[in-house]
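Got a sequence here, can you build the structure:
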Amino acid sequence: MQSDAALGDLRASLEDERTQLRQQLTELGFGAAELDARHRDKLTQVYAPRLATLVEPKWLEADAFFRRYQLLRSLCYLGEPQNLLFIVLPRANQRLVKALEVLPDITARALADRVRVLYLEDVVAKIKSLARARDEAIRAHYREFDEKYLPK
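The predicted model follows:
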């Protein structure tokens, strides 16, 4: 497993499958990028070739791409058909939920079955139910996590 703090992602290789987990806990949206020469070069040399068969060409135009930079950059790792992306965010963070309204349009070409949105509240509830009869330290951890990241 590898963690990339700059992206806020966790990537795991499971046998012949690569799974990427992108967590957005307190952010206000999916980050944009500057339309500077360095980013334009990266779009041309790195991201566009990786995404060309995965998304419609309109998403690779500089304005559209850089307004959704963080999201589209995450999709560029899905080049192999078995690769998956899970985006985890709090349902209560309406700005993130709204920012993801465009996701079905972006993933319609080749990624619809390989990108999933998971709501943090559901993930934590499932983990808590599995940990209910287990170690007290695990239960305490998720109680504190719940208080910090899942507003009531």
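
Contacts only, for residue 121.
Counting by Cβ atoms under 8 Å, 6 or more residues apart in numbering, residue 121 touches 90-92, 150. All C-beta spots, glycine's among them, are computed from the backbone N, C-alpha and C.

can you put those residues in JSON lines and add distance to residue 75, secondary structure and neighbour count?
Formatted as JSON lines, the contacts of residue 121 follow (distance: Cβ to Cβ, whole Å; DSSP: H, G, I helix; E, B strand; the rest coil; neighbours: other Cβ atoms under 10 Å):
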{"residue": "90", "distance to residue 75": "21", "secondary structure": "coil", "neighbour count": "20"}
{"residue": "91", "distance to residue 75": "22", "secondary structure": "coil", "neighbour count": "14"}
{"residue": "92", "distance to residue 75": "25", "secondary structure": "coil", "neighbour count": "14"}
{"residue": "150", "distance to residue 75": "27", "secondary structure": "coil", "neighbour count": "16"}
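
any idea which helix is longest in the protein?
The residue-count maximum for a helix in the chain (DSSP state H) belongs to helix 136-149.

which of the residues in that helix are buried?
For helix 136-149, the neighbour count (16 or more other Cβ atoms under 10 Å) marks 146, 149 as buried.

Can you spell out which helices and strands pack onto that helix?
On a contact count with 3 or more Cβ pairs under 8 Å, 6 or more residues apart in numbering; DSSP states H and E, helix 136-149 meets helix 120-131.

Quick one: mean pLDDT for the helix it packs on?
For helix 120-131, the mean per-residue pLDDT is 82.

And for stretch 84-102?
For stretch 84-102, the per-residue pLDDT averages 89.

and if you look at stretch 40-60?
So the average pLDDT for stretch 40-60 ends up being 96.

and residue 79, helix, strand or coil?
Classification of residue 79 using DSSP: H, G, I helix; E, B strand; the rest coil returns coil.

Can you get me a residue count around the residue lying closest to it once chain neighbours are set aside?
The spatially closest residue to residue 79, leaving aside those adjacent along the chain, is residue 50, at 5.7 Å (Cβ to Cβ, 6 or more residues apart in numbering). Counted by other Cβ atoms under 10 Å, the residues lying close to residue 50 total 16.

residues touching the nearest residue to residue 47 once chain neighbours are set aside, list them.
Distances taken as Cβ to Cβ, 6+ apart put residue 76 closest to residue 47, at 5.2 Å, once the chain neighbours are dropped. Contacts for residue 76 (Cβ under 8 Å, 6+ apart) come out as 46-47, 50-51, 54.

Alright, that wraps it up for me.
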